[in-house]
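Undergrad: Build the 3D model from these lines:
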Amino acid sequence: MRFFFICTFIFIILFFKGCTISNKPIYLDNSSLNLNALQNTKKQDFIFNEKVKALFFVTYLNNLRNDFKSDKKEYFLIGAYLPDEEEQGFLKHSYTLSLNNNKSNKIKLIDKNNQFLKSIALKNKWTTYYILQFPTLKNVYDLNVKVSHFIYGNLIFKFVK
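TA: Numbering: from 1, shown residues only. Below you'll find the predicted structure:
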């Protein structure tokens, strides 16, 4: 009988402990770099016939990192994940990018193990990342990165200098 009361008591304690709200803090890295990266990152998806065809992540780097601050160039980190494609890389699958209707000067593939990617918000292990360089647009403060596909349409990512 004593064993039954002890087991019941332990069960009740564990049951109510499992139903209470934990006071354990949730770890969020609130460093200024991560918060700034989150503010300068946008995500959108191409959806066709109710199926996600591509996920795009765009981060404006000029506002984020000192090594990308420039009056002559605009830098963006573009991440693309194509769930239906065995070979990743959006340029191989008829996607085009432009900044206010201007093409990129330079596109550089970033290795997934690069330390640079650790400071970027909204990333995942399946995404392929590129740094795109565009010429600076004089007297323009609204930056629109357009990702286009001839079947799926356009995505517009809006940033402010």
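Undergrad: Quick check on Leu91: phi, psi?
TA: Phi and psi for Leu91, reported as degrees, to the nearest 10, are phi -70, psi -30.
Undergrad: For it, which non-adjacent residue is closest in space?
TA: Using C-beta to C-beta, 6 or more residues apart in numbering and skipping the chain neighbours, the partner closest in space to Leu91 is Ile107 (7.3 Å). C-beta: built from backbone N, CA, C; applies to glycine.
Undergrad: Starting from Glu50, give me the distance back to the one you found.
TA: From Ile107 across to Glu50, the span is 31 Å (C-beta to C-beta, to the nearest Å).
Undergrad: In terms of packing, which of these two has more residues around it?
TA: Under the neighbour definition other C-beta atoms under 10 Å, Ile107 and Glu50 were set side by side, and Ile107 has more, 13 against 5.
Undergrad: The residue nearest to Leu91 touches Leu132, doesn't it?
TA: Yes - look at Ile107 against Leu132 with C-beta atoms under 8 Å: they come within range, at 5.4 Å.
Undergrad: could you pull out the helices for the protein?
TA: Using DSSP state H, the helices assigned to the chain run over residues 2-19, 32-39.
Undergrad: for this structure, what are the low-confidence residue spans?
TA: The chain contains residues with pLDDT under 70 at 1-35, 119, 121-122.
Undergrad: and if we set it to 50?
TA: Scanning the chain with the threshold set as pLDDT under 50 gives 24-29.
Undergrad: Going along the chain, name the strands of the protein.
TA: In the chain, the strands defined using DSSP state E lie at 41-48, 51-60, 73-81, 95-99, 106-110, 128-135, 142-149, 153-160.
Undergrad: Identify whichever of these lies nearest to Gly89.
TA: Checking the strands of the chain against Gly89 by C-beta to C-beta gives strand 128-135 as the closest, at 5.7 Å.
Undergrad: Report the buried residues of the closest one.
TA: Going by neighbour count (16 or more other C-beta atoms under 10 Å), the buried part of strand 128-135 is Thr128, Tyr129, Tyr130, Ile131, Leu132, Gln133, Phe134.
Undergrad: contacting residues for Ile107?
TA: Applying C-beta atoms under 8 Å, 6 or more residues apart in numbering to Ile107 gives the contacts Leu91, Tyr130, Ile131, Leu132, Gln133.
Undergrad: Before I go, just wanted to say thanks for your time.
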